[in-house]
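Trainee: this one's sequence-less:
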């Protein structure tokens, strides 16, 4: 009799795994919380895309609410997102870009072609700042309050609807 119970163990394992996989399929991978929410923007010291002799650090994010957008020339979704970022800049949002895992020439060419909504672009060719931010890929955006703390994380493409329904309300919330 005891041997028959062991026959149900594989079935039980299968049912549990099937349930967990089914749960995972129902989740949107673009909506994940950042481990950095409510924490200071990571410390860094990198040059700007525009000037390889100008070094900046996290202190540039202090003093006003800022949308930090991680982008790359190699990222097709970043190209689709650029009109929304230009709209946000026109609406008075302070934007700082992070040119992620790119070359300086390609990053500058991207901005010439698609427009530059950023007050400044941090050049992150090795992806060190992106790694510290927990970036999975571009685009990703972070709203940083005037004290330099991350208050909101947007994974993926900012849609035209997101501008009005998500990003601007979050910016207003932290001003």
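Mentor: Noted; the coordinates are in hand. Not measured: the values here are computed from a predicted model.
Trainee: residue contacts, residue 163?
Mentor: The contact partners of residue 163, by Cβ atoms under 8 Å, 6 or more residues apart in numbering, come to 84, 87, 88. All C-beta spots, glycine's among them, are computed from the backbone N, C-alpha and C.
Trainee: and if you look at residue 130?
Mentor: 70, 98, 100, 101, 124.
Trainee: what's near enough to touch the fourth one?
Mentor: Okay, so that is residue 101. Residue 101 neighbours (Cβ under 8 Å, 6+ apart): 72, 74, 124, 125, 126, 127, 130.
Trainee: switch to 7 Å and redo it
Mentor: Residues in contact with residue 101, defined by Cβ atoms under 7 Å, 6 or more residues apart in numbering, are 72, 125, 127.
Trainee: ok so, going back, can you put the contacts of residue 163 in JSON lines and add distance to residue 47, secondary structure and pLDDT?
Mentor: Below are the contacts of residue 163 laid out as JSON lines (distance: Cβ to Cβ, whole Å; DSSP: H, G, I helix; E, B strand; the rest coil; pLDDT from 0 to 100):
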{"residue": "84", "distance to residue 47": "27", "secondary structure": "helix", "pLDDT": "98"}
{"residue": "87", "distance to residue 47": "28", "secondary structure": "helix", "pLDDT": "97"}
{"residue": "88", "distance to residue 47": "25", "secondary structure": "helix", "pLDDT": "98"}
